[in-house]
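Asker: Pasting the sequence and the predicted coordinates here, then a few questions.
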Amino acid sequence: MLSLRLPEETEARLDRLARRTGRTKSFYARAAIEEYLDDLEETFWAQEVVAAWEASDKKTIPAEQLYAELGL
């Protein structure tokens, strides 16, 4: 079970959408969360990877240098 507070304008938009389509506000809230959850997970995973890399003190090189070394 999830309970959340939305800004008034967001709540009003969601309510209008639900009334126009005959679906529930929960249906649309669930659809929005499911749609966006993959992006959120990927974003936070990427931030963790970058933080771990920065903490490792490993050296980096520009992409152009890497391409040249690989003959690409």
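Answerer: That came through, no problem.
Asker: give me the number of residues near Asp38?
Answerer: 9 (other Cβ atoms under 10 Å). C-beta coordinates here come from the backbone N, C-alpha and C atoms, glycine included.
Asker: In which helix or strand does it reside?
Answerer: helix 25-56 (DSSP states H and E).
Asker: in that helix, what's buried?
Answerer: By neighbour count on 16 or more other Cβ atoms under 10 Å, the buried set for helix 25-56 is Tyr28.
Asker: tell me the mean pLDDT for that helix?
Answerer: For helix 25-56, mean pLDDT rounds to 94.
Asker: Next secondary structure element downstream of it?
Answerer: Assigned by DSSP H and E, the successor of helix 25-56 is helix 63-70.
Asker: Next, report how far the helix holding Asp38 is displaced from the centre of its chain.
Answerer: Centre-to-centre, helix 25-56 and its host chain are 4 Å apart (Cα atoms, centre = their mean, to the nearest Å).
Asker: Can you spell out which helices and strands pack onto that helix?
Answerer: With contacts taken as 3 or more Cβ pairs under 8 Å, 6 or more residues apart in numbering; DSSP states H and E, helix 25-56 sits against helix 8-21.
Asker: And stretch 51-67, end to end?
Answerer: 25 Å (Cα to Cα, to the nearest Å).
Asker: do stretch 56-72 as well
Answerer: 28 Å.
Asker: hmm, back to that, can you give me the angle the helix holding Asp38 makes with helix 8-21?
Answerer: 130 degrees (axes from the mean of the first three to the mean of the last three Cα atoms, to 10 degrees).
Asker: OK, contacts around Arg23?
Answerer: Neighbouring residues of Arg23 by Cβ atoms under 8 Å, 6 or more residues apart in numbering: Leu17.
Asker: That one: what secondary structure?
Answerer: coil (DSSP: H, G, I helix; E, B strand; the rest coil).
Asker: Can you read off the backbone torsions of it?
Answerer: phi -100, psi 170 (degrees, to the nearest 10).
Asker: Arg5 now?
Answerer: Torsion angles, degrees, to the nearest 10, at Arg5: phi -100, psi 140.
Asker: and what of Pro7?
Answerer: phi -60, psi 150.
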